[in-house]
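> Below is the structure, and that's it, no one-letter string:
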C-alpha cells in the first residue's frame, strides 16, 4: 500500500480522533500539580499521548508542560511542532464550540483548525510512514505544546529538558509554505491615578478582551448611579447611528448604566478582519465628551493613539517592508477604574525591523502622556530562505500532492516554527479557504483534514530519506 492508501484506511479513526480532541475545552485554566496550564489542557495532552502509544509510538510527557511522540532512528531530529491549547470560544456559535459535531462535511469546534485537526493529521501521517516500511534515517518527533496561545512557557520548559530538533515544520498556518513570520511584541500601557478623582461623565470602569492575540468582541462600560441616564443613553444611541458601531445600553442594579460594545472576533495577526469592541467603546466615550480626570485622560490617550486603528499610525508605527508587509496592532485587553488603567497591545512587526526600534516609537508617544510601557512577551521574526532544502522539499511535495503551484508566503501570525532553527509553517489551511482560527464556528473540512494527513506523510517520508 502507498502512503495515501494507508491514510485512507484510517479515515474513520482520523475523523473520530479529531472530534474527541476538539471536545476537550483546552483553554488555559488554574495551574495544578503536574498540570501547569489547568486540567483541561492536560486532558488534551494526555489524550494525544495515549493515542500515540496505541498507534505504536514512543511517547513522553514532560511534566505536563508538553510532550512528544516519536519514531525512527539516527542522529538528527525532524521536529513537527503543534499545540493543543485553544483560545476561549467567544460567543455567537451556531454549533456547540466543544461539540466536535459534523455538519456538511465539516468538523466544528474551537481548535478544529487551530491546531487539533492538524495535530491528528500529523500523527496518522507518522503512522502511515512507519507502517509503509519506508527507510527512515532520522528521528521523527511530534512535539505537543500546551501554551501556544498564551506565553509559550511550555516550549521554554520543554527545550530546557529535551533536545532541540535540527529542522522542522509546524502545521499551524497556511499552505503552501510560510517561510517568514513577523516579529510579535506584547506590551502593556498602564497608568496609576490619584485617589479621589471622579469622572465628569460618571464613568466607573471599563473592561474587555480575553487575550492579546484576539481581536475583542466585547467591551463593557459601567456608569455610576449619579449619571444622567437619559442624556447618556440618547448620546450613545446617537453615536451608534452615526458610526455604525454596535453598542447596547441597559440600566443595571442600583441605578447604574451599563454600555456594551459588540465587535467581531479575529486573530490579532489580521486585525483588519475583525471589529475591535474596545476601540469602538473608546471612540464612543471620547465622542460623549471626556473630562479632565486622570482616568478620562488615559481613555482619551488610548482613543487618540489607537482607537480603531490596526496599523499603528498614531503611535508612529506605520512601518512596512517588501518581504512581510505592514506592521499590525491589536488592542486586545483593557481594564480601567478610578485607581488605574491598563491596556494590552499585540504588535506584529515586519521582519526587517528590530524590537528596540518599535519600542522607541511607542515610548515617544506614551512618555508624553505619563503612560508606562511594559514588555510582556516578545518573539523575534522568522525567515528561512527559499533555496533552503526544507523549503524546496516541501514545495515539491505540495505540488505533487495537490497539483497546485507551490510558493512561499509571509504571515503576521506566530507559529511554533520560530521556536527552532530551520523551520517553517506548512499548512493546514489551503489557498482560497477562509481563516477560521479564533473565529466563531471554527471548523475543518473533513476532506482537507485527510489531504493534510497525506501531504504530511509524503513530507515526512521525503525529509527523513
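Structure received. These numbers were taken from a predicted model, which means no experiment stands behind them.

> ok, which stretches of the stretch 51-200 of the chain are helices?
117-132, 153-158 (DSSP state H, counting those that start in this stretch).

> Tell me which of these approaches residue 461 most closely.
Of all these, helix 117-132 sits nearest to residue 461, with 5.3 Å by CB to CB. Bear in mind the C-beta positions are built from the backbone N, C-alpha and C, glycine included.

> Return the list of helices and strands in contact with that closest one.
Secondary-structure packing of helix 117-132 (3 or more CB pairs under 8 Å, 6 or more residues apart in numbering; DSSP states H and E): helix 3-9, helix 11-22, helix 39-54, strand 66-72, strand 77-83, strand 139-145, strand 428-429, helix 446-463.

> Surely residue 229 is in contact with residue 257?
Yes - counting by CB atoms under 8 Å, residue 229 touches residue 257, with 5.3 Å between them.

> Comparing those two, which shows the higher neighbour count?
Neighbours were counted for residue 229 and for residue 257 using other CB atoms under 10 Å; residue 257 has more, 23 against 16.

> so after the least confident helix or strand in the chain by mean pLDDT, what's the next helix or strand?
Lowest mean confidence among the helices and strands of the chain (mean pLDDT, DSSP states H and E): helix 229-243, at a mean of 75. Per DSSP states H and E, the first helix or strand lying C-terminal to helix 229-243 is strand 246-251.

> could you give the angle of that next one to helix 229-243?
Computed by axes from the mean of the first three to the mean of the last three CA atoms, to 10 degrees, the angle separating strand 246-251 from helix 229-243 equals 170 degrees.

> The next helix or strand after strand 246-251 pairs with which strands?
Using DSSP H and E, the next helix or strand after strand 246-251 towards the C-terminus is strand 257-262. The pairing partners recorded for strand 257-262 under DSSP bridges are strand 218-223 (antiparallel), strand 246-251 (antiparallel).

> Could you give the average pLDDT over strand 257-262?
Averaging pLDDT along strand 257-262 yields 90.

> Return the distance of it from the chain's centre.
Centroid separation between strand 257-262 and its chain, computed with CA atoms, centre = their mean, to the nearest Å, is 26 Å.

> Same question for it: list its buried residues.
Buried residues in strand 257-262, counted by 16 or more other CB atoms under 10 Å: 257, 259, 260, 261, 262.

> how near is the closest residue to residue 441 other than its chain neighbours to residue 2?
Of all residues not flanking residue 441 in the chain, residue 94 sits nearest, at 5.3 Å (CB to CB, 6 or more residues apart in numbering). Per CB to CB, to the nearest Å, residue 94 is found 38 Å from residue 2.

> re earlier: can you work out which residues contact both of residue 229 and residue 257?
By CB atoms under 8 Å, 6 or more residues apart in numbering, residue 229 and residue 257 have these common neighbours: 223, 251.
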